[in-house]
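Participant: just coords:
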């Protein structure tokens, strides 16, 4: 499978990936539901077709055999995302290798899911809303040459590396972990 550079490099390409167009701009921008749907679909085709992962229902969970990938998409100006407890609870660290793969605009940020949960999530400190239930809120902090994730609840920070599509294919791609 050829490796395609799927990174958007211009504002116009990012807006195209988000489904933003001049009509939306004239109408004051995207609607919340259109924005959320567009955001969750950014690079989803790469996760499914490029990496051979299967999305679990309409969640941020993608799986393949004994690999569990929690993949929120961050496509907002505030650089925030949340992890819902209902999705985190589906991860079984004893049976699965877990990854947090953040689709941050045109970048991929990747780290071990268990390590992230151990360092950043406190079971007794969370946000709760009618729509999202129990969840934890995070923000991406972009430095000159690196990224951090900051908990908006307990204020902890953790370094998270950027990875390219080739690294993802080597780590999670079809040739290593074929679909069953």
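Facilitator: Looks like it came in fine. All values derive from a computational prediction rather than experimental measurement. Numbering: from 1, shown residues only.

Participant: doesn't residue 93 fall inside a strand?
Facilitator: No. Counting by DSSP: H, G, I helix; E, B strand; the rest coil, one finds residue 93 to be coil, located in no strand.

Participant: Can you report how many residues lie near it?
Facilitator: Residue 93 has 13 neighbouring residues, counting by other C-beta atoms under 10 Å. From N, CA and C alone the C-beta is placed, and that goes for glycine too.

Participant: ok, longest strand in this protein?
Facilitator: strand 133-142 (DSSP state E).

Participant: so what's residue 159 closest to, chain neighbours aside?
Facilitator: Nearest non-adjacent residue to residue 159, counting by C-beta to C-beta, 6 or more residues apart in numbering: residue 148, 5.7 Å away.

Participant: show me what contacts that neighbour?
Facilitator: 140, 141, 157, 158, 159, 160 (C-beta atoms under 8 Å, 6 or more residues apart in numbering).

Participant: Output those residues in a markdown table; the columns should cover distance to residue 48.
Facilitator: Output for those, formatted as a markdown table (distance: C-beta to C-beta, whole Å):
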| residue | distance to residue 48 |
| --- | --- |
| 140 | 23 |
| 141 | 29 |
| 157 | 31 |
| 158 | 27 |
| 159 | 28 |
| 160 | 23 |
